[in-house]
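1. What follows is a protein structure lacking sequence information:
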């Protein structure tokens, strides 16, 4: 029994890491475009219903974060604004805007990689996803493939500093 | 001097109410479409650069709140994601998602009408727009044309209850 239990746990963990790998692939696409490398996917009952990456500079839009774009795509795929029975995987802890969009869309669970001590709203600076005063609460799992999710961010900012010291994006 | 000062103050106040009237006109458009009647406008140096109303049901999107749509339109008009020197006027206190979008877009000031004790993030349940730990702070002015902004919300929910008791939108 214990062995089976462990096996199941490992399978579930490798699934979680698999979806985070997809989010990391999205982050890599952002990197290639010169965007802060953050990626997100939305999964409903084992099916990936949305993938997106940060496009703030490309789209010239303050709202074009990976999570928000993924949630909008998931709503289109699902045909409605209620994303019940879904998990959002994102490489970096969501900011208040994206955490708010997670609440609005009734996503059940958020899995993220790297924490964001400067603007994170899922435990770092704020955590209103589990505030019982709101009409929805969200399960949070932090630190999945944290090393890889942190590494791509560090590599991006290192490259940016070395190529153009005068145009650091204001994340 | 005092007389001139009072005159200036009155002019400024009537300007603020004028922009809130435009936001109320947007709320009215939402009402006509059967959407929760919330409207928003973005003003930069005396010029209205965006107007929008809640389209969550129409667009089938969790992110289609008046403020978010107005911010996205303002970014398109301004040609970039930084909405410095702008004020956002909105008929109801922004939720966490919209307050987060206000932070992300570097809007200077938010003026709202009705407070939202159930989900408001500009003083009611949260207030991170003035949290010094974030890299941007926002001036908040509450209660402008509060009576009118509250009245249209009440009228909407009253009508909704009387026409269809089984399909109350989950605001």
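-> It's in. A quick note: this is a predicted structure, and the numbers were derived from the prediction, not measured.
2. Against chain B, how distant is residue A:19?
-> Counting by Cβ to the nearest Cβ, to the nearest Å, the gap from residue A:19 to chain B is 20 Å. C-beta: built from backbone N, CA, C; applies to glycine.
3. gap between that residue and residue A:109?
-> In this structure, residue A:19 lies at 11 Å from residue A:109, with Cβ to Cβ, to the nearest Å as the measure.
4. These two: which is more packed in?
-> Residue environment comparison for residue A:19 versus residue A:109 gives the larger neighbour count to residue A:19, 20 against 16, counting by other Cβ atoms under 10 Å in any protein chain shown.
5. Check whether that one really touches residue A:41, as I assumed.
-> Yes: between residue A:19 and residue A:41 there is a contact at 5.8 Å, judged by Cβ atoms under 8 Å.
6. shared neighbours of these two, anything?
-> Shared contacts of residue A:19 and residue A:41, defined by Cβ atoms under 8 Å, 6 or more residues apart in numbering or on different chains, comprise A:48, A:89.
7. which is the next helix or strand following the helix or strand containing residue A:111?
-> With elements taken from DSSP states H and E, the one containing residue A:111 is strand A:109-114. Proceeding N to C from strand A:109-114, the next assigned helix or strand is strand A:139-141, under DSSP H and E.
8. how about the residues of chain A near chain B?
-> A:56-57, A:60-65, A:68, A:71-72, A:75-76, A:79-83, A:95-101, A:103-106, A:118-119, A:121, A:125-126, A:128, A:131, A:133-135, A:170 (Cβ under 8 Å from any Cβ of the partner chain).
9. Who's the closest spatial neighbour of residue A:105, skipping the chain neighbours?
-> Counting by Cβ to Cβ, 6 or more residues apart in numbering or on different chains, residue B:62 is the residue found nearest to residue A:105 once chain neighbours are left out, at 3.6 Å.
10. Overlap in contacts, residue A:19 and residue A:109.
-> By Cβ under 8 Å, 6+ apart, the residues touching both residue A:19 and residue A:109 are residue A:87.
11. what's the residue nearest the centre of chain A sitting at in phi/psi?
-> The centre of chain A sits closest to residue A:90, judged by Cα atoms, centre = their mean, with a distance of 1.7 Å. Dihedral angles of residue A:90 (phi, psi; degrees, to the nearest 10) stand at phi -140, psi 140.
12. How many residues are close by the closest residue to it other than its chain neighbours?
-> With Cβ to Cβ, 6+ apart as the measure, residue A:40 is the residue that lies nearest to residue A:90, at 4.1 Å, once sequence neighbours are left out. The local packing count at residue A:40 equals 31, with neighbours defined by other Cβ under 10 Å.
13. sec struct for residue A:40, please.
-> strand (DSSP: H, G, I helix; E, B strand; the rest coil).
14. my read: it touches residue A:49, true?
-> No: with contact defined as Cβ under 8 Å, residue A:40 does not count as touching residue A:49 (11.8 Å).
15. Which phi and psi values does residue A:51 adopt?
-> Phi and psi for residue A:51, reported as degrees, to the nearest 10, are phi -140, psi 140.
16. Help me confirm that it comes into contact with residue A:41.
-> Yes: contact status for residue A:51 versus residue A:41: in contact at 4.9 Å, counting by Cβ under 8 Å.
17. Touching both of those two, which residues are there?
-> Shared contacts of residue A:51 and residue A:41, defined by Cβ under 8 Å, 6+ apart, comprise A:22-23, A:26, A:70.
18. how about the helices in chain A?
-> If DSSP state H is used as the criterion, the helices of chain A fall at A:2-32, A:56-59, A:66-78, A:96-104, A:146-163.
19. Buried residues in the third one, which are they?
-> Meaning helix A:66-78. By neighbour count with 16 or more other Cβ atoms under 10 Å in any protein chain shown, helix A:66-78 contains the buried residues A:66-75, A:78.
20. so what's the residue nearest to residue A:90 bridging to?
-> Under the criterion DSSP bridges, residue A:40 forms beta bridges with residue A:52, residue A:90.
21. Show the pLDDT at it.
-> pLDDT, the model's per-residue confidence, is 98 for residue A:40.
22. how deep is the closest residue to residue A:125 other than its chain neighbours tucked in, by neighbour count?
-> With Cβ to Cβ, 6+ apart as the criterion, residue A:125 has its nearest non-adjacent residue at 5.4 Å, and that residue is residue B:133. For residue B:133, the number of neighbouring residues by other Cβ under 10 Å comes to 11.
23. Over to residue A:28?
-> Look at residue A:28: counted by other Cβ under 10 Å, it has 15 neighbours.
24. cool, and the one 5 residues further on?
-> Neighbour count of residue A:33, defined by other Cβ under 10 Å: 13.
25. And it, its phi and psi?
-> Reported as degrees, to the nearest 10, the phi and psi values for residue A:33 are phi -90, psi 0.
26. Also residue A:144?
-> In this entry, residue A:144 is assigned phi and psi values of phi -80, psi 120 (degrees, to the nearest 10).
27. you'd agree it is up against residue A:110?
-> No: the pair residue A:144 / residue A:110 is not scored as a contact, 10.6 Å apart, by Cβ under 8 Å.
28. So for those two, which sits in the more crowded spot?
-> It is residue A:110, of residue A:144 and residue A:110, that has more neighbours when counted by other Cβ under 10 Å, with 24 against 21.
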